[in-house]
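Visitor: Need a 3D model of the sequence below.
(one chain, ligands or ions: 1)
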Amino acid sequence: MPFRAAFRTFGCKLNQLETEALAGAFRDSGALLVPFSESADVYVVNTCTVTGKAEQKARREIRRALRTNPRAVVLVTGCWAELGADEVSALGPRTVVIPGSRKDDAALLASDLAEAWEKGMDLAEAAERGRDARSGRGHDPFAFRPETFLLHSRASLKVQDGCDNRCAYCRVCLARGPSRSLAPGEVVERARSLSERGAREIVLTGVNLSQYRSGGLAMPGLLSLLVRETEGVSYRLSSWEPDRVDEEFLAAFSLPRVRNHLHLAVQSGCDAVLARMGRGYRSDAVRRAVRDLRAAKPDPFLGADLIAGFPGETEAEFRTTFDLAAELDFAWIHAFPFSPRPGTKAFGMRPRVAERIAGERVEALLDLGRRGREAYAARSVGRLTRAVLEDPREEEGPEPSGGGIDFEGGPDPAREACADPGSEEVDVAAGSGAPRVSGIGAAPALPEGDRATAVSAVSDEYLRLEVTGIPEALRRRGAEVACRIAEAFPGAGDLGIPDARAEFVGS
Ligand code: SF4
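Guide: Predicted coordinates:
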């Protein structure tokens, strides 16, 4: 009997991509991937440290895993494992910590554990031995190269890691270290390989993509190179800094094969708060960025990260942020309350904003974002776009056991942000053998007759679509089709509700 492995991921797109690579390594070593809620022999928890809540959730999941199978080993890696190793180890003797900076060791442990399983040895001991034996070796942050993207609609490619900034609230830079970039030639080679295996869209990910520097290229140069050197694949950036929307970036962004969507790490619209946060720009840069992006492409889908309740944030300062967000009419707002993180400058800042007030401010921003998204979907009606299919209505039956590696619970631009504190919990095998939830049930405007054949898709602009009229032969996850947006669904700003219905136009 093969050993069973289960995976849980918290945090950003980068973590999700890295877990996918880890899951691939375990599967290649003969593991059967099972949902995290089931009994497994090895649990892998890829943690996030961006908020206290993210750590709390990871702690809960680790305890749950230890309860579900007390003989299992729980491998804990990621940013929290990097910064809070002692705390993680204290959760139980069968918890084996692999610091985030050594995450690639977790992939190498897959074969050690397979061997130990075959020999009937204790898995926790084998994991510790394997980890310690590799303690002196160098680590490659770009070792993660998932080979299983054909199971997904959109591929991700890690091109950057770490961050040289020291924003007052951020612990990610402490956990991930200084900025490192993957060489352009290697990026092109990996993108070609993904494209040859069927990817029609590649999301370029990193902790801070605006710090990409390699071989004399920054991100705009890399994007242009990718577009030149590959065919039939489009590129989406996970997120971007407002003050890096310069001429060069705009030229790259305006390329037809660069998606018409960008998530900006705005964080605040108030200059005084931005200064306290240690952000290197002010609100005028955000305004300029949005104006220039809108001039570069037709009505791009622009999202923003915003933090509410940063220490000392007054009602008037919050109002300034809210007003800027309203003025700029973002199609998506990812708002979250400030979370004091040990080791950061903001940890000691006073006065702290009461949790209740920060929560109310977050709600106000989220509500604004929901309205922005609904308005964006409404004004997209009639638009001709391209979309990558996510959920064929006619499944070909269950995938082979463990084949349902599935990270995407629905396209949420914020989940791709570098320091996304949403701490999405993603269960690698949760989708095994089961059709994906398309959200279609929440789309009452969809005519009954279309329900059987509508396919969930993500548009160029990152709208969640239900595309009708796609010929059966083309209904394949990951395929790209041309479609026209026919109607927007009310309530589209809410998670789980598709934004609009689109009609198939061609392939
Ligand atoms: S918030 Fe982003 S830019 Fe600032 S330190 Fe963290 S990772 Fe770097």
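Visitor: which bits of the chain sit near the ligand?
Guide: 163, 165, 166, 167, 170, 172, 173, 207, 208, 418, 419 (C-beta under 6 Å from any ligand atom). Bear in mind the C-beta positions are built from the backbone N, C-alpha and C, glycine included.
Visitor: CSV please, covering the residues you listed and showing neighbour count.
Guide: Converted to CSV, the residues of the chain next to the ligand look like this (neighbours: other C-beta atoms under 10 Å):
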residue, neighbour count
163, 23
165, 16
166, 11
167, 22
170, 27
172, 28
173, 20
207, 28
208, 26
418, 29
419, 26
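Visitor: Least confident secondary structure element in this protein?
Guide: One helix or strand of the chain scores below all others by mean pLDDT, DSSP states H and E: strand 426-427, with a mean of 50.
Visitor: Going along the chain, name the strands of the stretch 201-350 of the chain.
Guide: For the stretch 201-350 of the chain, the strands defined by DSSP state E, counting those that start in this stretch cover 201-205, 213-214, 217-218, 234-237, 261-267, 301-308, 332-337.
Visitor: now the lengthiest helix in the chain, how far from the centre of its chain.
Guide: The longest helix of the chain (DSSP state H) is helix 355-379. Mean-position distance between helix 355-379 and its chain equals 20 Å (C-alpha atoms, centre = their mean, to the nearest Å).
Visitor: How about residues contacting that helix?
Guide: 299, 301, 306, 308-309, 313, 318, 321-322, 325-326, 329-338, 461, 463, 485, 488-494, 499-500 (C-beta atoms under 8 Å, 6 or more residues apart in numbering).
Visitor: hmm, which of those are the buried ones?
Guide: 301, 306, 308-309, 313, 318, 321-322, 325, 330-338, 461, 463, 485, 488-489, 491-493, 499-500 (16 or more other C-beta atoms under 10 Å).
Visitor: Strands of the stretch 351-500 of the chain, start to end?
Guide: 384-391, 426-427, 455-459, 464-468, 480-488, 500-506.
Visitor: Out of those, flag the one nearest residue 129.
Guide: strand 426-427 (28.1 Å; C-beta to C-beta).
Visitor: Look up the closest residue to the residue in the stretch 251-400 of the chain that the ligand sits nearest to, ignoring the ones flanking it.
Guide: The stretch 251-400 of the chain approaches the ligand most closely through residue 265 (6.0 Å), counting by C-beta to the nearest ligand atom. Excluding its sequence neighbours, the residue lying closest to residue 265 (C-beta to C-beta, 6 or more residues apart in numbering) is residue 305, at 5.1 Å.
Visitor: Model confidence score at that neighbour, please.
Guide: Looking at residue 305, its pLDDT is 96.
Visitor: same question, residue 166
Guide: For residue 166, the predicted pLDDT is 95.
Visitor: Could you check which helix or strand contains it?
Guide: Using DSSP states H and E, residue 166 falls within no helix or strand.
Visitor: dump the residue contacts of it.
Guide: 173, 278, 345.
Visitor: ok, now with 7 Å
Guide: 173, 278 (C-beta atoms under 7 Å, 6 or more residues apart in numbering).
Visitor: possible to save the residues of the chain next to the ligand as a markdown table with distance to residue 32?
Guide: As requested, these are exported to a markdown table (distance: C-beta to C-beta, whole Å):
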| residue | distance to residue 32 |
| --- | --- |
| 163 | 37 |
| 165 | 42 |
| 166 | 43 |
| 167 | 42 |
| 170 | 38 |
| 172 | 33 |
| 173 | 37 |
| 207 | 32 |
| 208 | 37 |
| 418 | 33 |
| 419 | 34 |
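Visitor: Among those residues, find the lowest-pLDDT one for me.
Guide: Within the residues of the chain next to the ligand, pLDDT is lowest for residue 418, at 36.
Visitor: any idea how the protein splits into domains?
Guide: Here the domain assignment for the chain is 4-140+404-427, 148-259, 261-379, 384-390+435-506, based on automatic domain parsing.
Visitor: In the stretch 1-150 of the chain, what residue lies closest to the ligand?
Guide: Counting by C-beta to the nearest ligand atom, the stretch 1-150 of the chain gets nearest the ligand through residue 50, at 8.3 Å.
Visitor: Which pLDDT value belongs to that residue?
Guide: At residue 50, pLDDT is 86.
Visitor: change the start of the numbering to 21 and stick with it
Guide: I'll keep to 21 as the first residue from here, and by that count the last item is residue 70.
Visitor: For it, the count of nearby residues, please.
Guide: Residue 70 has 27 neighbouring residues, counting by other C-beta atoms under 10 Å.
Visitor: does it sit in a helix, a strand or a coil?
Guide: coil (DSSP: H, G, I helix; E, B strand; the rest coil).
Visitor: That one contacts residue 192, correct?
Guide: Yes: if you go by C-beta atoms under 7 Å, residue 70 and residue 192 touch, sitting 5.7 Å apart.
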